[in-house]
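# Task: produce atomic coordinates for the following.
(2 chains)
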Amino acid sequence: MDDVDLAVQAGEFVAILGPSGSGKSTLLALMAGLDRPTSGEVRLDGRPIQSLSEDALALLRRHGIGFVFQSFQLLPNLTALENVLLPLELVGADTPRRRAEELLLAVGLSERGHHYPAQLSGGEQQRVAVARAFAARPAILFADEPTGNLDHATGTMILDLLARLRRDEGTTLVLVTHDPAVAALADRRIHLRDGRVERVE
Amino acid sequence: MRPGLYVRSLIRESRGSGGRLAFFVLCLSVGVAAVVAVAGLATSLDRTIRGEARQLLAADVAVSGWRATPPALDALLDGEAGLQRTELRQLTTVVAAPALPDGRPGPTQLVQLKAVGDTYPFYGSLRLDPDVPLRELLGEDGVVVAPELLRRLQLEVGATLLIGGQPFHIAGRVLAEPDRLDTGLSLGPRAFVSLAGLARTGLLGFGSRVYSRVLLRLPDAASTDAAAALAARIRDALPDAEFYEVETHTDAQPALRAGLRRAERFLALVALLSLVVGAIGVAETVRSWLAGRLDSIAVLRCLGLRPREVVTLYVGQTLLLALVGSAIGSVAGLCLIAAVPRISGGLVPAVAVSLWQPGAVARGLAVGTGIALLFALPPLAACRRVSPLRVIRRDVEPLPPSRLVRGLTLAVLGAGTLAIAVVQARSFAFGAGFAGALAVVAAVLALAAWLLARVVGTLARRVSAVRLRHGLASLARPGADTLSSIVALGLGTLVVLGMYLVEGQLARSLAAELPDDAPSSFFIDIQPDQWEGVRGILESEGASALRSVPIVNARLRTIDGRSVEELAAQTEGDDRRRRWTLTREQNLTYLAELPEGNQVVEGRWWADPSRAEVSIEREFAQGLGVSVGSTIDLDVQGVIVPLSVTSLRQVDWRSFRPNFFLVVEPGVLEAAPQQRVAAARFPDGGDERVEARLAASYPNVVPIRIREVLAKVAGVLAQIGQGVRLLGGFTLLSGLAILAGAVGASSVRRGREVALLKTIGMTRRDVALVFALEYALVGLVAGLIGAAGGGALAWFVVTRGMELEWLAEATPFVAAVVLAVALAVGCGLLASLRALSRRPIEVLRSE
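The predicted model follows:
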């Protein structure tokens, strides 16, 4: 990353675009507190997070951040429902099961909650991942190429889901993609090249 | 994380890794079973000995000695209110079946004859067939014998048996007696007669060595203190107290229990060794299990799990599995205890074994869980460092733990293993020695594995044969699982070979120590006036190398002017042996010439005509604390004889000739009461004929056949060896399981390798050959180092522990190495079957 100065507003939908190697994923990891910058500053709600301890970062993610990944990243030894339940259990939600079932219904998988990830198709796995990402009502959701491993039709469905849930929950969404068609849905598009912001739309 | 969620997570984590968990549990339970079996068995036996102490003594207090009980004792006992007494006489003699129809003498057998009073035993009971009181069976002319005697003489109940030449009728069989733990080592089967019956044999008059025992029973409800008080009164009242042993049931067989504790220590450490090998398997399982969980851990971290929560989760998981494995192992250990009486062939009686073993099970659970956690610590500590970034970049490997963490884990591992070894050995010195030796062996094995990888890596590039090159290279590949496999397999080989060698060396030295001119029989308790007649019999049966010496019984009174009681009192608390050496009854002889197999190492043989001289065996002299120039006073049955120590001898005990610690100059002891001992070698069948003729003419003379005694000792050793080898086998099994586990864990990588090799044109056979070479090298290194270690262990035990000569042999070493290689190849290939059978496209597509 080189000289990136970027602010994301609450409730905004920002897409980060760029070819492979342009630094999209690195930027996302820095923003989400998964990685630390060697220099510079990352602020969340005005609070610098690069100097937080691993524990503090973990708690920050637990309570405020959701993730959707290109390779789904469901826990293989948990059922779909349990995958969605886990963030709710971690934050100690009151009625975690009801919320998880509602979310599975919202992504159209209420019948498949007891299936393990290996028993689900790629699109279904990603829908579970989306449900899990929204479960604990995070303020921000980071999505890393959420449609990268899916065919076009399924990808579109996932994007629709993301957009709809974001609207319903009022979540800030930062989405990384190399696909301009996906980025088109965003409020703002940031083009990266060789670790620099090339332009903002 | 809240407890509810924690428990749920533990259960969820166990899903889908059944095979791996089973392997974890198996590795651990094998070792725990060994630990529980050893601890439980030792506790059982100790408890039996203590609990049955009254039965083992058959009385509250017993007074025994090789002399008749003095009148002073009778006077004291008559004054004790409510006290019951009964007498026992024990002696070794030869009995005979009646003459055969053709007039030849019947077969003979050495027996342990026990003459008992009417009220014997006070405690415990005899098991007899028929089941009537012993008193009624015996009468004046009845004898009750062990079944073994009937078998050997081919007699039935109801037949006649000649004891001291007098006919007795066999009234029944004795199956068990309370005051004898039959370990199969006694000099002959048992025969019971009444005291009146013994008097009829005339054996007492012949001057046989008779062990007399007075059994005393206190009034009912008397306390153990009362028994101790009575024993003290008896000790005070006996005129020659040192000639008698006064026991109470609270003494409970101190020598037997001390032996048991030593055996337990040894076996407990062998069991721990198999547990340690199992723990290496546990560490491997945890490592490969966590390696497969890296992605999941990264996701959990993304979802907001803190590093320590991740560690807690997997520590909890390990703890759970360790408990399950230890519990299963404990149950298996209890089953093993139950099977011991059968396996041991009567060495351990079934009544002495109890399955209620809370202590042993607790020990198994604690030691098993503890060692599993300790060994799993390094991989568990590493999972703290898994970065959540891995969800985005697959290639982000966990950071290696810092030097501090690594050092700390090693320190905890070392200290924990030390603590567990100390607990197992019940001694700090032994535990520390064990842990130290283990660390050295493990370090040598690890170093060898590392060197192997280095050397092989360099070598691989120079070898032109393609399969060999690949085999070598795969062994040297970074991250190959060679290290722990070699350590585990090497330890297994070490234990099994070590045990095998110790046992083999013992058996061989027992056989080898009989030189060709060694006597085949000993004859003891020959009275001086019988010697001419006995010699006639021995010579007429073709005796060669016939030797006979007089024996005089005496006790030490003073050493350099200080009384032995004073010296014995000064010996440090636990040095029973020295105290016993000082106060025991000594067997002496007198000789003019230095006997064969003896060598004077200090001083000169009968050099001073002015004094009465004595020559002492070197080590015995060390034990007594005397040297050339010392003076000792001997009490020869009431007469004090002052002697000067003028020479120390070294004795070759293995000649099996009659040899003595103390040899006195001729002209001093000739007039003292004495007996003779003789030794001779007979042609085939001569020993039996001599025994039969002596039984008819000189029934008090006890013949002992050397071969029979040695065979008995070898038999007991073989049984013990079997048990130890079983434990060693556990270790080897764990080692193999670890190799298979390591290979199995790398099956994905191997599958990819097979696919690639096949794609470039290797056949499945070629690939199998490449793998076989790799496993063979693992087996070879483990086998070589394990064999060297096992040899060193056995050498140490045999030459230092048992003070025997080491007899070199090569076959077991070669066999051990060959076997290690064969097992490694077999196990490794079996575990690679899945990888070998995959088609290239399946693997490459899933990339």
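# how close does residue B:129 get to residue B:149?
Taking CB to CB, to the nearest Å as the criterion, residue B:129 is separated from residue B:149 by 14 Å. The C-beta positions use only the backbone N, C-alpha and C, and glycine is treated the same way.
# likewise residue B:561?
When CB to CB is applied, the distance between residue B:561 and residue B:149 equals 51 Å.
# The two: which is more packed in?
When residue B:561 and residue B:149 are compared on other CB atoms under 10 Å in any protein chain shown, the one with more neighbours turns out to be residue B:149, at 24 against 9.
# what residues does chain B put near chain A?
By CB under 8 Å from any CB of the partner chain, the residues of chain B that approach chain A are B:1-2, B:5, B:8, B:12-13, B:15-17, B:295-296, B:298-309, B:387-389, B:391-393.
# please redo it, this time with the cut-off set to 7 Å
B:2, B:5, B:12-13, B:15-16, B:296, B:299, B:301-307, B:388-389, B:391-392 (CB under 7 Å from any CB of the partner chain).
# buried stuff in the top helix by length along chain A?
Ranked by residue count under DSSP state H, the longest helix found in chain A is helix A:152-169. Going by neighbour count (16 or more other CB atoms under 10 Å in any protein chain shown), the buried part of helix A:152-169 is A:154-155, A:157-159, A:161-162, A:165-166.
# One more: stretch B:448-463?
Using 16+ other CB under 10 Å, the residues of stretch B:448-463 that count as buried are B:448-449, B:452-453, B:456, B:460.
# just stretch B:408-419 next, same as before
Using 16+ other CB under 10 Å, the residues of stretch B:408-419 that count as buried are B:409, B:413, B:416-418.
# related to what we said a few turns ago, any of the residues of chain B next to chain A buried? List them.
B:5, B:13, B:296, B:299, B:301-307, B:388-389, B:391-392.
# so how far is stretch B:443-453 off the chain centroid?
32 Å (CA atoms, centre = their mean, to the nearest Å).
# for the record, mean pLDDT for it?
For stretch B:443-453, the mean pLDDT works out to 81.
# now the closest residue to chain A within chain B, nearest residue through space, not along the chain?
Closest to chain A within chain B is residue B:304: 2.4 Å, counting by CB to the nearest CB. Excluding its sequence neighbours, the residue lying closest to residue B:304 (CB to CB, 6 or more residues apart in numbering or on different chains) is residue A:62, at 2.4 Å.
# Tell me if I am right that that neighbour is in a helix.
Yes - going by DSSP: H, G, I helix; E, B strand; the rest coil, the assignment for residue A:62 places it inside a helix.
# burial count for it?
Residue A:62 - counted by other CB under 10 Å - has 18 other residues nearby.
# still on that earlier bit, which of the buried residues of stretch B:448-463 sit farthest apart?
The largest distance within those, taken as CB to CB, falls between B:448 and B:460 and amounts to 17.6 Å.
# What are the buried residues along stretch B:77-89?
Residues of stretch B:77-89 classed as buried: B:77, B:83, B:85-89 (neighbour count, 16+ other CB under 10 Å).
# How far does it sit from its chain's centre?
Computed by CA atoms, centre = their mean, the chain-centroid distance of stretch B:77-89 equals 39 Å.
# For that stretch, measure first residue to last.
Taking CA to CA, to the nearest Å, the first and last residues of stretch B:77-89 lie 18 Å apart.
# Now do that stretch, average pLDDT.
Averaging pLDDT along stretch B:77-89 gives 86.
# Show me the strands in chain A, by range?
A:13-17, A:43-44, A:47-48, A:65-68, A:140-144, A:172-177, A:188-193, A:196-200 (DSSP state E).
# Okay, the residue of chain A found nearest chain B and residue A:117: tell me how far apart.
When scored by CB to the nearest CB, chain A has residue A:62 as its residue closest to chain B, at 2.4 Å. Residue A:62 sits 21 Å away from residue A:117, taking CB to CB as the criterion.
# ditto for residue B:342
Spatial separation of residue B:342 from residue A:117 under the definition CB to CB is 52 Å.
# The two - which one has more neighbours?
Each of residue B:342 and residue A:117 had its neighbours counted (other CB under 10 Å), and the higher figure belongs to residue A:117 (19 against 10).
# ok, and the closest non-adjacent residue to the more buried one?
Residue A:117's closest residue in space is residue A:74 (CB to CB, 6+ apart), at 4.2 Å.
# Residue A:29 too?
Excluding its sequence neighbours, the residue lying closest to residue A:29 (CB to CB, 6+ apart) is residue A:35, at 4.0 Å.
# tell me the secondary structure for residue B:62?
Classification of residue B:62 into helix, strand or coil gives strand, according to three-state DSSP.
# ok, now residue B:125?
With three-state DSSP as the basis, the three-state label of residue B:125 is coil.
# so what's it closest to, chain neighbours aside?
If you skip the residues right next to it in sequence, residue B:125 has residue B:178 as its closest partner in space, 6.3 Å away by CB to CB, 6+ apart.
# ok, that neighbour touching residue B:58?
Yes - using CB atoms under 7 Å as the test, residue B:178 is close enough to residue B:58 to be in contact (5.4 Å).
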